[in-house]
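In: Quick one, fold the following:
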Amino acid sequence: MSFSSQGFSPEIVRALTECGYEKLTPVQQQAIPHARRGHDILAHAQTGTGKTAAFSLPIIQQILDKPVQVNRFQTRALILAPTRELVEQIANNIQSYTQYTDVKVAAVFGGAKMSSQERKLEAGVDILVATPGRLIEHIELKNIALNKLEFLVFDEADRMLDMGFINAIRTILSDVDSSPQTMLFSATSSAQMNALAQDLLRKPKRVIVSAENSTAATVAHVVYPVDEDRKRELLSELIGKKNWQQVLVFVNYKETANEVVKELKLDGIKAVLCHGDKAQSARRRALEEFKTGKARVMVATEVAARGLDIQGLPHVVNYDMPFLAEDYVHRIGRTGRAGQQGHAVSFVSREEELTLVQVEKLIQQRIKRIQLAGYEPANRDALLVKMSTKPAFKNRHGRTNNLDEPGSAERRLRLRRAIQNKASKVTRLKK
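Out: From the prediction side, this is the model:
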């Protein structure tokens, strides 16, 4: 099914052709007709499936069909996303789609100068892409008005919940006086997501392009059991012996990211950093070096789990298992995109075995174990059997954040870190 068959303007079709878009992806085939008819949408789709085009192209076409002079500090469409990287990527894509039109697009996010963003907003824009926090700053400064909003999109809505943005979302919605067409896109599903959808959407059309919380069939999953203190050594060995040329490595803490990059550089492997302590310009520069091959490895915290679009990325490594099983889906969604083959590699210490069990339960797939000679962890099976019999494990669930508590994600991270530190201390004492 081609884009021209969807009734898009010649200007849009021309731009899409130059972007290399030929046929609609499954999520686009399902979502675009509903969106063109003005329906609200609740969509569950994996990352890398073409979601940006699915929600933005119908908005662009409707803006072209009903041209309106946008007043100062006004916007017709608002797209919210959880991270700077994702906001920037969405805005860049939309600018590519609208390059032969007069549609005005702007992006606002933290880490960039408020003054330059204010200048763009002052003239009014057709489509605004924003992170919730920075948008609220502009609302408070009267730099943007949402009273005439026609279109509202939440991309990676589940991630926004995990990051504690629910109160920010409510603050933003309090400034919306109109009844915009609303679309909510998410890679995973949960009770909290469904509750949010009930609050935001009016008789939504539901779009599901794959099993909820599943991973792409193009991704091969493997696990390397290894003791925590051998992970850095194992990473360097795998990259060197297997000659991996482009590797995205996820860690849970900024301190770990710094240590891993330092170790890789000592082993002669060019690596760059992407985490919250880095300025936006530094993160953008690191991503560019990684994309162009100047750096072989990029080590990132969860901030990069969403929104990174790296064409043909062959390897994603979970150096640390994620705190939430659902985040495994988002991390490995960086590889195996657009039908290409990808590899998801996870290092699992004895303390992380239970997280691995949760991941396998979530994705409904047993992940292949590879025991590398010289890196065998001690007493791994005994620990797993012992921990699996505990009532606390039997009653564990996935995402449990409270919609009304904006700091829940951070508190959960601190609690998990404390538990892991305690477990590591006990292990060292037993040795």
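In: Verify the assumption that Leu235 is located in a helix.
Out: Yes - under DSSP: H, G, I helix; E, B strand; the rest coil, Leu235 sits within a helix.
In: Spit out the contact partners of it.
Out: With contacts defined as C-beta atoms under 8 Å, 6 or more residues apart in numbering, the neighbours of Leu235 are Val249, Val260, Glu263, Leu264, Val317, Tyr319, Phe347. All C-beta spots, glycine's among them, are computed from the backbone N, C-alpha and C.
In: Not counting sequence-adjacent ones, nearest residue to Gln365?
Out: His221 (6.9 Å; C-beta to C-beta, 6 or more residues apart in numbering).
In: ok, the one you found to Val316 distance?
Out: 10 Å (C-beta to C-beta, to the nearest Å).
In: Among these two, which residue is more densely surrounded?
Out: A count of neighbours by other C-beta atoms under 10 Å puts Val316 above the other of His221 and Val316, at 24 against 20.
In: what secondary structure does that one sit in?
Out: Following three-state DSSP, Val316 is assigned to strand.
In: so what's it bridging to?
Out: Note on Val316: beta-bridge partners by DSSP bridges are Leu248, Ala344.
In: buried subset of the contacts of Leu235?
Out: Burial by neighbour count, 16 or more other C-beta atoms under 10 Å: within these this picks out Val249, Val260, Glu263, Leu264, Val317, Tyr319, Phe347.
In: Can you spell out which helices and strands pack onto whichever helix or strand Leu184 is part of?
Out: Taking DSSP states H and E as the definition, Leu184 sits inside strand 181-186. With contacts taken as 3 or more C-beta pairs under 8 Å, 6 or more residues apart in numbering; DSSP states H and E, strand 181-186 sits against helix 26-36, strand 41-44, helix 51-65, strand 151-154, helix 157-162, helix 191-200.
In: Which positions in that strand come out as buried?
Out: Gln181, Thr182, Met183, Leu184, Phe185, Ser186.
In: Paired strands for it, with orientation please.
Out: Strand pairing for strand 181-186, using DSSP bridges, gives strand 41-44 (parallel), strand 151-154 (parallel).
In: Which stretch among those is buried most, on average?
Out: Stretch with highest mean neighbour count among the strands paired with strand 181-186: strand 151-154 (a mean of 26; mean count of other C-beta atoms under 10 Å).
In: mind checking how far that one is from the chain centre?
Out: 17 Å (C-alpha atoms, centre = their mean, to the nearest Å).
In: Report the mean confidence score over that strand.
Out: Averaged over strand 151-154, pLDDT sits at 96.
In: same thing with stretch 206-220?
Out: On average, the pLDDT along stretch 206-220 is 68.
In: Tell me where this structure is predicted with low confidence.
Out: 1, 46-48, 210-218, 303-309, 336-340, 379-431 (pLDDT under 70).
In: Which parts of it belong to which domain?
Out: Segmentation of the chain into domains, based on automatic domain parsing, reads 4-208, 219-405.
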